[in-house]
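Peer 1: no sequence on this one, just coordinates:
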């Protein structure tokens, strides 16, 4: 699979960060750290995460 999806293995909460990391060839922990750091900035990060959780298909 080349698309963006939530993997069944390697999830921490919903697999959104793991799916993004797998799609772009990055480490899941790097994406998780970037997502955590982005929460320090103002913006709708939590809403985007929940929307991705709902919209991304599971593997």
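Peer 2: Great, that's in hand. Treat the numbers as computed from the prediction; the structure is a model and nothing was measured.
Peer 1: what stretches of this structure score poorly on pLDDT?
Peer 2: 1 (pLDDT under 70).
Peer 1: all helices of it, in order?
Peer 2: Taking DSSP state H as the criterion, the chain contains helices spanning 16-24, 28-38, 45-55.
Peer 1: So which of these is the most surrounded?
Peer 2: Ranked by mean neighbour count, the helices of the chain are led by helix 16-24 with a mean of 20 (mean count of other C-beta atoms under 10 Å). Yep, even glycine has a C-beta here, placed from its N, CA and C like the rest.
Peer 1: Against which helices or strands is that helix packed?
Peer 2: Secondary-structure packing of helix 16-24 (3 or more C-beta pairs under 8 Å, 6 or more residues apart in numbering; DSSP states H and E): helix 28-38, helix 45-55.
Peer 1: now for the last one, which elements pack on it?
Peer 2: The one in question is helix 45-55. Under the contact definition 3+ C-beta pairs under 8 Å, 6+ apart, helix 45-55 sits against helix 16-24, helix 28-38.
Peer 1: Include distance to residue 53 when you put the ones you listed into JSON lines, please.
Peer 2: Listed next are the helices and strands packed on helix 45-55 as JSON lines, based on distance: least, C-beta to C-beta, whole Å:
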{"stretch": "helix 16-24", "distance to residue 53": "6"}
{"stretch": "helix 28-38", "distance to residue 53": "12"}
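Peer 1: so which of those gets nearest residue 59?
Peer 2: helix 16-24 (8.2 Å; C-beta to C-beta).
Peer 1: how much does the closest one deviate in direction from helix 45-55?
Peer 2: Following axes from the mean of the first three to the mean of the last three C-alpha atoms, to 10 degrees, one obtains 70 degrees for the angle between helix 16-24 and helix 45-55.
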